[in-house]
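A.B. asks: Sequence plus the predicted model coming up.
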Amino acid sequence: MENLKRVEPDANEDAAAGVMAEIGRAARAAAHVLSLASTETKNRAILKAAQAIRQRADVILAANAQDAAAAEANGAAGSFLDRLRLDVGRIETMAKGLEDIAALPDPVGRLLARFERPNGLLIERVSTPLGVIGVIYESRPAVTADAGALCLKAGNAAILRGGSESFLSTKAIHDCLVTGLDEAGLPRAAIARVPTKDRAAVGEMLAGLGGNLDVIVPRGGKSLVARVQTEARVPVFAHLEGIVHVFVHRDADLAKAKKIVLNAKMRRTGICGAAETLLVDRAGAATLLSPLVKMLLDAGCEVRGDAMARATDSRVATASDADWTAEYLDAIIAVRVVDGLKQAIEHIQNFGSHHTDCIVTEDQAAADCFLKEVDSAIVMHNASTQFADGGEFGFGAEIGIATGRMHARGPVGLEQLTSFKYRVHGQGQIRP
């Protein structure tokens, strides 16, 4: 397997087209090895990587501290720093996430369908890996572990291009994944890391690395994802924005609504499942609006509202048209009063991003209507939108949340990282 070893030039060198092409060729060769690897071998690599992450926690934290200090010195926003920073708890969550992935059933080789034709042909549809997956992400270093392990378990090679702000953190975590590959006897090119901050590397990946890249998954800000969608010559699992809504219906339970809204907005403001817009039913506004707005303000959340929201508290700022399409990723929320369920759905259709949207109500008919008519990847009833996460769905982890409509939608876990092929068994049949 010497020819499959990961190409790792000095991190300060430009990612020249030739170097990126070689990374692609090595990943393609590694993908073939992975497609034939046993479940036990893949699990061993993942579990050994989890072990290495725990053992090297101090190294990872030291690298992350350098990244965070540099980002802070460059004026990064608090929400960005929250996504970037690691601590002991987050490192343990990362390692546990890998163990959860290893514990999941192998998605490769599943018999999806089996049927016999009148002519006696037996046809089977069987799950197969996608091949080589490129993951382009920004500030979250933990994506390195999640994406690498998910791709590996699904039999895919991964090419990871983390953000320049998390460069040292990403390398420290990637080193742990390589340790796992070594321990399991798998090629290092199975999880490759782009070893440069040069943006030209992204362009090479978008061009497909000479036909060696099968899918690209972008995770980051709107400008990154928009560029990927515009320039990519290979399929994209798109996650453009998380413009997430919570609609509090007239028949909502106030105590339940307060608990859900506060968690959906303030648990972690910098994640894509955080609520960005609160819609309140006009028919229930007399009892629901003021307590919800006051609760958010008292929790340290900036509220930008329409006229009715502003009338509840002098601390509420005026919402502009731009606020209805804003992904704040911060302790800011837009609040609007709507004329019932129909207008709430219309607002979400007009201003949403098809990520995650929630209704809070005790009226099952209203909930059923919302769940049916809101065309988002994840639609919720009486639950915090912060559950929009592959781990919370039981997928072990996620490589991203796809908001498109092709192949994968919602949390992209193991099953979504596979395709399928048909196996046809005959006894000498020919077509007349």
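C.D. replies: Okay, I see it. This structure is a prediction, so every number in the text was calculated from the model and none was measured.
A.B. asks: Give me the neighbour count for the nearest residue to residue 344 once chain neighbours are set aside.
C.D. replies: Distances taken as Cβ to Cβ, 6 or more residues apart in numbering place residue 247 nearest to residue 344, at 4.3 Å, with adjacent residues excluded. In this view, the C-beta of every residue, glycine as well, is placed from N, C-alpha and C. For residue 247, the count of nearby residues is 27 (other Cβ atoms under 10 Å).
A.B. asks: ok, now the one 3 residues further on?
C.D. replies: Around residue 250 sit 19 other residues, with neighbours defined as other Cβ under 10 Å.
A.B. asks: again with residue 112
C.D. replies: Counted with other Cβ under 10 Å, residues neighbouring residue 112 total 11.
A.B. asks: start to end distance for stretch 266-274?
C.D. replies: Between the opening and closing residues of stretch 266-274 there is a gap of 8 Å (Cα to Cα, to the nearest Å).
A.B. asks: which residues of the protein score low on pLDDT?
C.D. replies: Applying pLDDT under 70 to the chain picks out residues 1-16, 240, 396, 406.
A.B. asks: Could you break it into its assigned domains?
C.D. replies: With domains defined by automatic domain parsing, the chain comprises 2-237+412-424, 244-387.
A.B. asks: After the helix or strand encompassing residue 297, which helix or strand is next? Please name it.
C.D. replies: Taking DSSP states H and E as the criterion, residue 297 maps to helix 285-298. Using DSSP H and E, the next helix or strand after helix 285-298 towards the C-terminus is strand 302-305.
A.B. asks: So what touches that next one?
C.D. replies: The contact list for strand 302-305 (Cβ atoms under 8 Å, 6 or more residues apart in numbering) reads 293, 296-297, 309, 312-313, 315-320, 323, 331-336.
A.B. asks: Ignoring the adjacent residues along the chain, who's closest to residue 71?
C.D. replies: Closest to residue 71 by Cβ to Cβ, 6+ apart is residue 165, at 4.8 Å.
A.B. asks: wouldn't the one you found be in contact with residue 84 here?
C.D. replies: Yes: the criterion here is Cβ atoms under 8 Å, and residue 165 meets it with residue 84 at 6.1 Å.
A.B. asks: one step back: in PyMOL, how would I select the buried members of the contacts of strand 302-305?
C.D. replies: If you want just the buried ones from the contacts of strand 302-305 in PyMOL, going by 16 or more other Cβ atoms under 10 Å, the selection is:
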select buried, resi 293+296+297+309+312+313+316+319+323+331+332+333+334+335+336
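A.B. asks: Next step: the contacts of strand 302-305 restricted to helices.
C.D. replies: 293, 296, 297, 309, 312 (DSSP state H).
A.B. asks: Closest one to residue 144 out of the residues you listed, please.
C.D. replies: Closest approach between these and residue 144, by Cβ to Cβ: residue 296, at 33.6 Å.
A.B. asks: Export only the CA atoms of the helix ranked longest in the chain, formatted as PDB.
C.D. replies: For the chain, the helix with the greatest residue count under DSSP H is helix 17-36. Listed next in PDB are the C-alpha coordinates belonging to helix 17-36 (Å, rounded to 0.1, in the frame of the first residue of the first chain):
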ATOM      1  CA  ALA A  17      -2.500  21.900  -9.100                       C
ATOM      2  CA  GLY A  18      -0.100  19.000  -9.400                       C
ATOM      3  CA  VAL A  19      -0.100  18.400  -5.700                       C
ATOM      4  CA  MET A  20      -3.900  18.500  -5.400                       C
ATOM      5  CA  ALA A  21      -4.200  16.200  -8.400                       C
ATOM      6  CA  GLU A  22      -1.900  13.700  -6.700                       C
ATOM      7  CA  ILE A  23      -4.000  13.900  -3.500                       C
ATOM      8  CA  GLY A  24      -7.100  13.100  -5.700                       C
ATOM      9  CA  ARG A  25      -5.400  10.200  -7.400                       C
ATOM     10  CA  ALA A  26      -4.300   8.800  -4.000                       C
ATOM     11  CA  ALA A  27      -7.800   9.200  -2.600                       C
ATOM     12  CA  ARG A  28      -9.300   7.400  -5.500                       C
ATOM     13  CA  ALA A  29      -6.900   4.400  -5.000                       C
ATOM     14  CA  ALA A  30      -7.700   4.500  -1.300                       C
ATOM     15  CA  ALA A  31     -11.500   4.600  -2.000                       C
ATOM     16  CA  HIS A  32     -11.200   1.200  -3.800                       C
ATOM     17  CA  VAL A  33      -9.400  -0.300  -0.700                       C
ATOM     18  CA  LEU A  34     -12.100   1.100   1.600                       C
ATOM     19  CA  SER A  35     -14.900  -0.200  -0.600                       C
ATOM     20  CA  LEU A  36     -13.600  -3.700   0.100                       C
END
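A.B. asks: No further questions, thank you.
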